[in-house]
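Colleague: Quick one, structure for this:
(chains A and B)
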Amino acid sequence: MIQLENVTKTYPKGSRPSLDNVSVGIEKGEFVFFIGPSGSGKSTIIKLLLHEVAPTSGKVVVNAKDVTTLRSWKVPHFRRSIGCVFQDFRLLPNRTAYENVAFALEVIGKTKAVARRVVPEVLELVGLGGKEHRYPHELSGGEQQRVAVARAFVNRPLILLADEPTGNLDPDTSIEIMRLLDRINRTGTTVVMVTHDSNIVNQMRRRVIEIESGRIVRDQARGVYG
Amino acid sequence: MRVKYVLNEVLVGLWRNVTMTVAMIITMSVSLTMLGASVLMYMQVDQMKTAYYGEIEVSVFLTDEVTDGEREAINAAIESSALVDTKTYEDKAAALKRFQELWADSPDFVNSINADSLPESYRVKLKNPEQYAEFSAQIEGLPGIRQIIDQRSLLDKVFNIFNSIQVMSLVVAGVMAFAALLLVGNTIQVAAYSKRREVAVMKLVGASNWFIQAPFVLEAVVAGIVGALLGFVFLFIGKVVLLDGKLQALTTIITPIPDGNLWLMLPLLAGVGSVVSAVTAWVTLRFYLKV
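Modeller: As a prediction, the model looks like this:
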């Protein structure tokens, strides 16, 4: 599902590579944590998978597509098979929960009728039934992140990327979000999560890949946080 | 639905930034008016050239003391020239008659002139009016010739004035177009900034590039077309007020502007306005949106 082959990424201003000759494979349906200290290069992996940045050398394969050689006009279509959740939720403040999720559908060409059918369903799935018409500022942090998850998942992507999704949430809420991601993973969606929340990693007992200074230092099938 | 969405975004975008939109439209319309005026003038000069060059003659004025022999020699020289198409001789009486017709509305002036004060002349039509210099060289220096006047050089003076007006309005059009381009660029930047969250989400969920860019580009195109319409109205008013009104006296020199030419300016201005705005917007987006 996801293949990194000898990937090195050096940012123009950085002297040290952000990722240094990293090779890793992730199977369909896996739940993988990337852990490591700030600046270790874990967020760069998300950016590579989204084709927000291109690797300096090496090969990135996602959904059997070589992202490295992907033509730029094909990137939008490619991204439709990937859902993404961030620490800061990235919701549109002037749209309700329903509209935020529907927006993601409408801008990729789905009709309003499709949105009316699918959006309530996915909001129900993330546990926001009854709060469809609240604005982000009327929702708690955990609820906002649920909206973000709903938006990432509404298009039924093959892969869900989560970049520190619990970074802004208290421990209890974090665990709820993790349960939600786990549920999504059980539908067959591959989940890749970047975090440094040791609590969560220890509870989930999933595959853990630890990165330090741009290199993989540990890859454990049912790991804990260092 | 997508079309509706895009159109709605365009209107919201134009309205959100309405002062900038107005500035953009005004500069665009002034620039396009100048462009239109310049193109009209170009077509006009062209038309006047064909209208007048067919008519023009070289006038060979003779001195008052010219003898019959000298006149014969001049006549023969003109006749034998290969450059000459036709020639007519105009004696003092004919010259006076022509003069009276030309100045018919100022009888005092006409009355102050008698036949003796006007020179006799040969009116020569050249096969190619541009060969004036060669023709002039052939007969110049013959005794009895006072002056050789090429009407074409008179006309050229007029056309030179038109040309410089035309160049001036092109320069103004260019400068205003530059200002309009900067305004379009700026407006698009502001629009892109105020919609940065939407754009970020759209990129994230994989909205196609054209879908992200279309509202911005169309915003500029709408402004460009409105500017072009205004510019056309300015041109129209300009023609009615200036040429048909205040400067009507000039219309004896300037051949009338055909309505067809004027209407032709509408698609021309709209085309130039919208294409220029669209390209500017698109280029700006490549820098500020990085889709």
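Colleague: and the closest residue to A:Gly129 other than its chain neighbours, how many neighbours?
Modeller: Closest residue in space to A:Gly129, ignoring its immediate chain neighbours: A:Leu123 at 6.3 Å, by C-beta to C-beta, 6 or more residues apart in numbering or on different chains. For the C-beta atoms, the positions are set from N, CA and C on the backbone; glycine is no exception. Neighbour count for A:Leu123, taken as other C-beta atoms under 10 Å in any protein chain shown: 23.
Colleague: was I right about A:Leu123 contacting A:Ala150?
Modeller: Yes. Judged on C-beta atoms under 8 Å, A:Leu123 makes contact with A:Ala150 at a distance of 5.4 Å.
Colleague: and for these two, which residues touch both?
Modeller: Common neighbours of A:Leu123 and A:Ala150, using C-beta atoms under 8 Å, 6 or more residues apart in numbering or on different chains, are A:97, A:101.
Colleague: Next one: the spatially most central residue of chain A relative to chain B, how far apart?
Modeller: When chain A is reduced to its mean C-alpha position, the closest residue under C-alpha atoms, centre = their mean turns out to be A:Leu161, at 1.6 Å. Using C-beta to the nearest C-beta, to the nearest Å, we find A:Leu161 at a distance of 10 Å from chain B.
Colleague: elements contacting the helix or strand containing that residue?
Modeller: A:Leu161 belongs to strand A:159-163 when assigned by DSSP states H and E. In terms of contacts (3 or more C-beta pairs under 8 Å, 6 or more residues apart in numbering or on different chains; DSSP states H and E), strand A:159-163 is packed against helix A:42-49, strand A:82-86, helix A:171-186, strand A:190-195.
Colleague: Among those, which one carries the weakest average confidence?
Modeller: Ranked by mean pLDDT, those bottom out at helix A:42-49, with a mean of 90.
Colleague: between that one and strand A:82-86, how many degrees?
Modeller: Relative orientation of helix A:42-49 and strand A:82-86, computed by axes from the mean of the first three to the mean of the last three C-alpha atoms, to 10 degrees: 150 degrees.
Colleague: Parallel or antiparallel, which strands does the helix or strand just after helix A:42-49 pair with?
Modeller: Heading C-terminal from helix A:42-49, the first helix or strand you meet, by DSSP H and E, is strand A:57-62. Using DSSP bridges, the strands paired with strand A:57-62 in its sheet are strand A:2-9 (antiparallel), strand A:65-66 (antiparallel).
Colleague: Go through the longest one and flag the buried ones.
Modeller: Taking 16 or more other C-beta atoms under 10 Å in any protein chain shown as the basis for neighbour counts, the residues of strand A:2-9 that come out buried are A:2-5, A:7, A:9.
Colleague: quick check: angle from the strand holding A:Leu161 to strand A:82-86?
Modeller: Going by the same axes, to 10 degrees, strand A:159-163 makes 20 degrees with strand A:82-86.
Colleague: Strand partners (parallel or antiparallel) of strand A:159-163?
Modeller: strand A:82-86 (parallel), strand A:190-195 (parallel).
Colleague: CA atoms of the last one as CSV?
Modeller: Output in CSV follows, covering the C-alpha atoms of strand A:190-195 (Å, rounded to 0.1, in the frame of the first residue of the first chain):
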residue,chain,number,x,y,z
THR,A,190,-4.8,1.9,6.2
VAL,A,191,-4.0,4.4,9.0
VAL,A,192,-0.7,6.2,9.3
MET,A,193,-0.4,8.4,12.4
VAL,A,194,2.5,10.6,13.4
THR,A,195,2.6,11.4,17.1
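Colleague: Give me the angle between it and helix A:171-186.
Modeller: Using the same axes, to 10 degrees: strand A:190-195 against helix A:171-186 is 160 degrees.
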